[in-house]
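Asker: pasting the structure only:
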């Protein structure tokens, strides 16, 4: 695990009392057949203790496997998602009043013969240390918690990890250390590269979620890592950001990974990269097109989680006989078909290049001989370049799209925003689940700041352009420059007569009113007109991953 450069710290903006936390006090109670132990101290190699709540069967005569949830959001703070986020799709009956944000429900899992251990991350709430986030030091403290849980007198020694978002981000981080008592992980939608997947989308700063989440994490009576200052001080991908990107190839523990097509700008890419790059011999991937919290707590999903953990933690069930990959092909919001595959990216994919023709705003199977240009105001909320392709036959598109653009600007830099839409036979935009709570999202999104266009030759592939983010390469005003844009993975069925629409603009396409939580990019370098050059000398194209799906 890479070493971390020196941290910057600041005083927390939220006190524990403000967020409803009570001072640490060990308590032992019984409820619903559970023994509930609050504020248990877990020692660490650093000399400070972590604080955990332990839920386990009250009358068990056997050792039980611990299921750990590592959280910055407060182990004390139940989160009724059906009330907090009424459009999340989570139903009230799916979680008890002891379920904290994005974590497993203790009442359910204890009833199935598990112990649930919820742990506040170091430095959060009433803590004994400063707080750092997604750091090597945090991962080592998590390692110590896993080993503690695996050696309790009530534990069977086989520890599992569960939870969504940050609770998955740290699963990636700690699993690279391969703690001896870690027996299985269930990463459920969590980024694995903080810089590329959250902080800078294609090099463009994210200006709403990232600033917000630092306040949400940083409730403490101790100093907390000043991620705002560090983000300003580290505009490029350097050792600082490398320490917040998990070296995924070092993970060997069994893993049931769940990703979605619907969390672009947050978790989609990192979760799929997690599955692709980990070295686990036992690993499964599920990709859905739904709302992430609803899918995590859905009883059908809970049954799959339990089948996985029952085998690797309880040793009471056979090895899951699932195909290595199961994925959904979406038709529209709430409507999809499930298919299987042997790996990710999906094997036997073929790649179709559709060529941009700005003369008639179309995508064509063959390169247009005539040069053409599409122009838009880079600061306009309504102007964009549009290119359409109508499918003559039903077509399944699943995987990474790649966009090659030839562009020019009046200035030395530009921010490019890309969206893929599905248009039905009547010309209406088809909406999809998006960012946990929305139902009118696009098929896929992509971003690029032109000065960050340099590719990493070691990591880039034919289907995935990976940016180095090591230096800025400014444009020469007016000069046509080719660049490649990663469009985040998606899985969509285009019926005969439907249209794939490519949109290119200088602003975010979705502008949900604040304070709705969403990835926004308001710190732009744009100014004046953008020009998309196509045809002739300036071949611009969109590459689609086409598949022939096999039903589950």
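Answerer: Received, thanks. Predicted, not measured: the structure shown is a model, and the values here were computed from it.
Asker: what helices or strands is the helix or strand that contains residue 273 leaning on?
Answerer: Here residue 273 is covered by helix 268-277, with elements defined by DSSP states H and E. Here helix 268-277 touches helix 166-175, strand 255-260, strand 283-288, strand 481-494, going by 3 or more Cβ pairs under 8 Å, 6 or more residues apart in numbering; DSSP states H and E. Where you see a C-beta, it was placed from the backbone N, CA and C, and this is true even at glycine.
Asker: so how far is that helix off the chain centroid?
Answerer: 8 Å (Cα atoms, centre = their mean, to the nearest Å).
Asker: please apply the same query to stretch 440-460.
Answerer: Remark: stretch 440-460 is offset 15 Å from the chain centroid, using Cα atoms, centre = their mean.
Asker: pull out the buried residues from it.
Answerer: 441-453, 460 (16 or more other Cβ atoms under 10 Å).
Asker: how far off helix 166-175 does the helix holding residue 273 point, in degrees?
Answerer: 30 degrees (axes from the mean of the first three to the mean of the last three Cα atoms, to 10 degrees).
Asker: what segments of the stretch 201-350 of the chain are strands?
Answerer: 204-205, 223-225, 255-260, 283-288, 325-332, 335-341, 350-357 (DSSP state E, counting those that start in this stretch).
Asker: same deal with the stretch 451-552 of the chain?
Answerer: 481-494, 499-505, 529-534, 541-547, 550-551.
Asker: out of those, which gets nearest to residue 198?
Answerer: strand 481-494 (12.8 Å; Cβ to Cβ).
Asker: which strands or helices does that closest one pack on?
Answerer: Under the contact rule (3+ Cβ pairs under 8 Å, 6+ apart), strand 481-494 is packed against helix 268-277, strand 325-332, strand 395-409, strand 415-423, strand 444-449.
Asker: nearest to residue 379, out of those?
Answerer: Among those, the nearest to residue 379 by Cβ to Cβ is strand 415-423 (10.1 Å).
Asker: can you count the residues close to residue 360?
Answerer: 10 (other Cβ atoms under 10 Å).
Asker: mind checking the SS state of it?
Answerer: In three-state terms, and counting by DSSP: H, G, I helix; E, B strand; the rest coil, residue 360 is coil.
Asker: when you give positions from now on, start the count at 28
Answerer: Done: numbering now begins at 28, and the last item shifts to residue 387.
Asker: what's it sitting at in phi/psi?
Answerer: phi -130, psi 20 (degrees, to the nearest 10).
Asker: residue 38 and residue 254: what is the separation?
Answerer: Going from residue 38 to residue 254 by Cβ to Cβ, to the nearest Å gives 14 Å.
Asker: now residue 503
Answerer: 35 Å.
Asker: show me which of those two is the more surrounded one.
Answerer: Counted by other Cβ under 10 Å, residue 503 and residue 254 do not tie: residue 254 has more neighbours, with 23 against 10.
Asker: mind listing what the residue most central in space within the chain touches?
Answerer: Centroid-nearest residue in the chain, with Cα atoms, centre = their mean: residue 294, separated by 0.9 Å. Residues in contact with residue 294, defined by Cβ atoms under 8 Å, 6 or more residues apart in numbering, are 192, 195, 216-218, 224, 286-287, 319.
Asker: residue 392 now?
Answerer: So residue 392 contacts 379, 381-382 (Cβ under 8 Å, 6+ apart).
Asker: picking that back up, please identify the deepest-packed of the helices and strands packed on helix 295-304.
Answerer: helix 193-202 (a mean of 28; mean count of other Cβ atoms under 10 Å).
Asker: can you confirm residue 172 is in a helix?
Answerer: Yes - counting by three-state DSSP, residue 172 is part of a helix.
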